[in-house]
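Chemist: below: sequence and its predicted model.
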Amino acid sequence: MNDLTPTAEERAASLKGIGSTRKRVEDARFTQGKGNYVDDLKMEGMLFGDFVRSPYAHARVVSVDKEAALAVPGVVAVLTAEDLAPLNLHWMPTLAGDKQMVLADGKVLFQGQEVAFVVASDRYAAADAVELVEVEYEELEVVVDPFKAMAPDAPVLREDIADEKEGAHGPRRHHNHIFTWEQGDKDATEAVIAEADVVAEEMVYYHRTHPCPLETCGCVASMDKVNGKLTLWGTFQAPHAVRTVASLISGIAEHNIRVISPDIGGGFGNKVGVYPGYICSVVASIVTGKPVKWVEDRMENLMSTAFARDYWMQGKIAATKEGKITGLWCHTTADHGGFDACADPTKFPAGFMNICTGSYDIPVAYLAVDGVYTNKAPGGVAYRCSFRVTEAAYFIERMIEVLAIELNMDAAELRRINFIKADQFPYNSALGWEYDSGDYHTAWDKALNAVGYADLRKEQAARLEEFKAGKTRKLMGIGLTHFTEIVGAGPVKNCDILGLGMFDSCEIRIHPTGSAIARLGTISQGQGHATTFAQILASEIGIPADDITLEEGDTDTAPYGLGTYGSRSTPVAGAATAMAGRKIRAKAQMIAAYLLEVHDDDVEWDVDRFAVKGAPERFKTMKDIAFAAYNQAIPGIEPGLEAVSYYDPPNMTYPFGAYICVLDIDVDTGETDIRSFYALDDCGTRINPMIIEGQVHGGLTEALAIAMGQEIAYDDMGNIKTGTLMDFFVPTSWETPHYTTDHTTTPSPHHPIGAKGVGESPNVGGVPCFSNAVHDAFRPFGLRQSHMPHDHWRVWNIANSLGLHD
Amino acid sequence: MSKMHLKLTVNGEAVETLAEPRELLIHVLRERLNLTGPHIGCETSHCGACTVDLDGKSVKSCTVFAAQAQGAEITTIEGLGNPDGLHVLQEMFKEHHGLQCGFCTPGMITRAWRLLQENPNPTEEEVRFGMAGNLCRCTGYQNIVKSILAAATEMNAAKEAAE
């Protein structure tokens, strides 16, 4: 007779499964300085690569003289496009269906573009040689404004495709035009707008910025000529995709390439793409037969790898005079820089920008996006958001505020009367998405109550009177946002990158003594996968999370997956983990039934064991079952206990949240003081509340940066003005406010454990919330729209332009 | 380039190495002495990922020549605690989720270690001010501040118990 203590609840708690605030298993390593990041790798004979970069934004490359550089002691090679051309590697495909120069092929299209790659015995010699490569340029007319780029007489930027009328995403109508992407019903939307009681129209610009993870991008390529295998360690958010792309463009068979993402020091979308440094390192390793390391410095990172945003969104929103929204129209001009190197699913050249109807029941809508080339760095990555969702959320949340001004309504109430109602889910949006679940009214009311919204408005009104009476120079702003995200890309039927379906995977092996190892197709960059995915498994298979090792990032051992970005790890790989766990459990059930000498259907799962129905004292724990799986001959059942699941999600998930920011603005200095920030997130089932809270804090701080000061700015000559951390704003602990977090829980109906993903929500919702707070402070003085970032100078300018300094 | 003979005390041990006079301290630590705990995040003194303790002061080792450190006592993250006995700061960062990707963490903890020697009873504001030379892109600092305040409390309690 088995003992029935501890109880089911005690046993469940000891597993540290879903819902547990489990401390992170990663931290012992990181707190002791024992992480293993790419720049920590050291190999015998390893060489270092460094780039010669263009000082000009648009120029012809007349000549490259390597002689002086090659004479530097320790320099072994200087590669140019000419050297890569015979291998057909002087250009590479981008994830957006465009192609990009690996090294300048006759001309350069942005400042900082890669012109030559120096390979030397150490990083100092490489840097010395970079200075000695003599490049002769012939300057060309520069275009940094996407609207000017589309003028008939604008200079031709991409001479390689100047005459091509078809791009990767349909017809091109100008030599600097990349694509036009249309969604929704144009005629019906324009008809509604023409007849509406009220129409608010505004240009909403979401400026260019950069993910700027603390660790820059880098790699070590090692071609082993003895066994013909290439190993590539690097800062890759999608190691399997890198392997496949590397194979396709190099001609090296995929089984001869091993891609390893070691620890990654933050990604935020910066490390999804393939960069010239990776290709050059591989070529250099093939040429020299030695491992070659390339790690970009911070300036190179900000100048050349993966900007984000840069969307000019012209909007019209129509409503009845009571405030019921009747239609939404948006035309976006997307500045992609010199090459379209976005990292979006193939069929979505503007990502999921068509989530721009937001949390609102908008009957008809139309979206068009025009992609344009300019003399700026390539990219367009999703900086802590799912493929342009942040742009979409910023657009709709600004348009709602502008409409509230037009209607002379409270913006909280305007949102409330337009929310999609809980009983409307699953909800089909006018721009083609099926929102899986939501309960916006509950979240909204909880948020408004939590901050004491009515009292805040009273305080704000009183402050305004004091301001007008000359008793204070500080205005108070209340920023509101209710966002809906679309994450977890995604269903293979409509989501792929370069033809690779966006499923994900998990493989589990249970060891004979009842512990386990699981491997996933994703890769953590700080999200704590080793902690949380083990929790999912603990709940599914009844083995304590502490007894489960989790591995990611080595393509030789992990099952194929599309990686970590777009908040897809929990929705897709998390689902695969649960499903693989269920396969383990299905086999375990048969083994348990055999051991208990009953029929398979006569046992039931109970936290960490199968028990005979009606006789809970007769059971076999997963540990017992694991041992039996390896040491007993069970008729009809193979030995071992392993499973793999490749999960193709039936739909995206739709996390949402309600954020409220309160700030004071000194109109004379433009300084903003964030008094409070309340963030309510609904990410469905909560796997580890501690990690969710940490993700929210971090995402909000990135949102703070973007909204209040961070930008990649260029002058008219295409010189980058924010190329170091002196100019590119990253908040310190001093500027960062204290956050209050909260939640509601609306599980995803189609995800195996109901989880939706949370890493990007705070950035998606945070940016409009901070921005709306600044706008709200000036609403009584007639401000409708002022472009981010709201740094002190720009805020001072708002006050000045509104006559508040008179 | 000719090399100079460097003598340092690193994490309590006398070490000697050869380095070019122009070599940065962070490169000597990471590449010649294999102390890869301190990281390189910006090379312009802004991010603090390379923070080490040099003769009792927090310094950003990416903008110190190794030559300037001749004869100095240096403490890196590797010198605080060990696998058998973590420093209380290391414990508290884990306990309060004061890290995510881990890249800023060695510099962050090394700086906090010096801060708590300078000011054993800091307020939240003093921690936020004292840590402002170390950037983190993941955590939003809230839990870092919490970890450091918790460590201060623990360290003071331990000190009191010892007295």
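Modeler: Looks like it came in fine. Residues are numbered from 1 along each chain as shown, chains lettered A, B, ... in the order given.

Chemist: mind checking the longest helix of the chain?
Modeler: Using chain A. Scanning chain A for the helix with the most residues, using DSSP state H, yields helix A:575-596.

Chemist: actually chain B
Modeler: helix B:142-162.

Chemist: hmm, back to that, check which residues of the longest helix of chain A are buried.
Modeler: Buried residues in helix A:575-596, counted by 16 or more other Cβ atoms under 10 Å in any protein chain shown: A:575-581, A:583-585, A:587-596. From N, CA and C alone the C-beta is placed, and that goes for glycine too.

Chemist: what does the longest helix of chain B contact?
Modeler: Under the criterion Cβ atoms under 8 Å, 6 or more residues apart in numbering or on different chains, residues A:694, A:697, A:733, A:736, A:738-739, B:88-89, B:91-93, B:95-99, B:108, B:112, B:115-116, B:120-122, B:124, B:127-128, B:131, B:136 lie in contact with helix B:142-162.

Chemist: next, count neighbours for the residue of chain B found nearest chain A.
Modeler: Residue nearest to chain A within chain B (Cβ to the nearest Cβ): B:G37, separated by 2.2 Å. By other Cβ atoms under 10 Å in any protein chain shown, the residues close to B:G37 number 26.

Chemist: so how far is B:S61 from it?
Modeler: In this view, B:G37 and B:S61 are 11 Å apart by Cβ to Cβ, to the nearest Å.

Chemist: please apply the same query to A:V102.
Modeler: Distance from A:V102 to B:S61, by Cβ to Cβ: 33 Å.

Chemist: more neighbours, those two?
Modeler: Between A:V102 and B:S61, counting by other Cβ under 10 Å, B:S61 is the more crowded of the two (30 against 25).

Chemist: surely the more buried one and B:D53 touch.
Modeler: No: taking contacts as Cβ atoms under 8 Å, B:S61 lies outside contact range of B:D53: 9.8 Å.

Chemist: can you pull the contacts of the spatially most central residue of chain B?
Modeler: Centroid-nearest residue in chain B, with Cα atoms, centre = their mean: B:T110, separated by 2.3 Å. Contact partners of B:T110, counting by Cβ under 8 Å, 6+ apart, are B:P38, B:T51, B:V52, B:D53, B:S58, B:T75, B:T76, B:I77, B:L80.

Chemist: beta partners for the second one?
Modeler: The one in question is B:T51. B:K60 (DSSP bridges).

Chemist: run a quick neighbour tally on it.
Modeler: Per other Cβ under 10 Å, the neighbour tally for B:T51 reads 29.

Chemist: hmm, it is touching B:V64, no?
Modeler: No: shown here, B:T51 and B:V64 do not form a contact pair, counting by Cβ under 8 Å, at 10.9 Å.

Chemist: hmm, back to that, helix/strand/coil for the residue of chain B closest to chain A?
Modeler: The three-state assignment at B:G37 reads coil, by DSSP: H, G, I helix; E, B strand; the rest coil.

Chemist: could you list the domains of the chain?
Modeler: The chain I'm using is chain A. A:8-35+A:504-647, A:38-140+A:216-264+A:272-304, A:307-489+A:652-801 (automatic domain parsing).

Chemist: wait, chain B was what I had in mind.
Modeler: With domains defined by automatic domain parsing, chain B comprises B:4-79, B:88-162.

Chemist: how about A:A194, what does it touch?
Modeler: A:A194 sits next to no residue when contact means Cβ under 8 Å, 6+ apart.

Chemist: that one is in what secondary structure piece?
Modeler: In this assignment (DSSP states H and E), A:A194 forms part of helix A:186-195.

Chemist: next SSE after that helix?
Modeler: Scanning forward in sequence from helix A:186-195 by DSSP H and E, the next helix or strand is strand A:198-209.

Chemist: for that next one, packing partners?
Modeler: Using 3 or more Cβ pairs under 8 Å, 6 or more residues apart in numbering or on different chains; DSSP states H and E as the contact test, the elements touching strand A:198-209 are strand A:307-319, helix A:389-407.

Chemist: show residues contacting that strand.
Modeler: Residues outside strand A:198-209 that contact it (Cβ under 8 Å, 6+ apart) are A:193, A:307-321, A:335, A:376, A:383, A:390-391, A:394-395, A:398-399, A:402-403, A:405-407, A:706, A:710-713, A:784-785, A:787-789.

Chemist: show me which of these are buried.
Modeler: Neighbour-count burial (16+ other Cβ under 10 Å) applied to the contacts of strand A:198-209 gives A:193, A:307-319, A:335, A:376, A:383, A:390-391, A:394-395, A:398-399, A:402-403, A:405-407, A:706, A:710-713, A:785, A:788-789.

Chemist: neighbouring strands - and their directions - for the worst-scoring helix or strand of chain A on mean pLDDT?
Modeler: Ranking every helix and strand in chain A by mean pLDDT, DSSP states H and E puts strand A:496-497 at the bottom, with a mean of 86. Strand pairing for strand A:496-497, using DSSP bridges, gives strand A:500-501 (antiparallel).

Chemist: neighbouring strands - and their directions - for the helix or strand following the strand it pairs with?
Modeler: Going down the chain from strand A:500-501, the next helix or strand is strand A:504-510, by DSSP H and E. Sheet pairing of strand A:504-510 (DSSP bridges) gives strand A:516-520 (antiparallel), strand A:642-647 (antiparallel).

Chemist: may I see these arranged in TSV, with mean neighbour count and mean pLDDT as well?
Modeler: Compiled in TSV, those are given as follows (neighbours: other Cβ atoms under 10 Å in any protein chain shown; pLDDT from 0 to 100):
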stretch	mean neighbour count	mean pLDDT
strand A:516-520	24	97
strand A:642-647	19	97
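
Chemist: can you add distance to A:I634 and give these back as CSV?
Modeler: Converted to CSV, the strands paired with strand A:504-510 look like this (distance: least, Cβ to Cβ, whole Å):
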stretch, distance to A:I634
strand A:516-520, 20
strand A:642-647, 15
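
Chemist: among these, which is nearest A:L431?
Modeler: A:L431 lies closest to strand A:642-647 among the strands paired with strand A:504-510, at 26.1 Å (Cβ to Cβ).

Chemist: which residues are contacting the closest one?
Modeler: Strand A:642-647 is contacted from outside by A:503-510, A:559-560, A:572-573, A:575-577, A:579-581, A:583-584, A:587, using Cβ under 8 Å, 6+ apart.

Chemist: quick one, that strand and helix A:575-596 angle?
Modeler: Using axes from the mean of the first three to the mean of the last three Cα atoms, to 10 degrees, the inter-axis angle of strand A:642-647 relative to helix A:575-596 is 150 degrees.

Chemist: do you have the helices of the stretch 351-500 of chain A handy? List them.
Modeler: Along the stretch 351-500 of chain A, counting by DSSP state H, counting those that start in this stretch, helices occupy A:389-407, A:411-418, A:440-451, A:453-468.

Chemist: need the winner for burial among the ones you listed.
Modeler: Sort these by mean neighbour count, taking mean count of other Cβ atoms under 10 Å in any protein chain shown, and helix A:389-407 sits at the top with a mean of 26.
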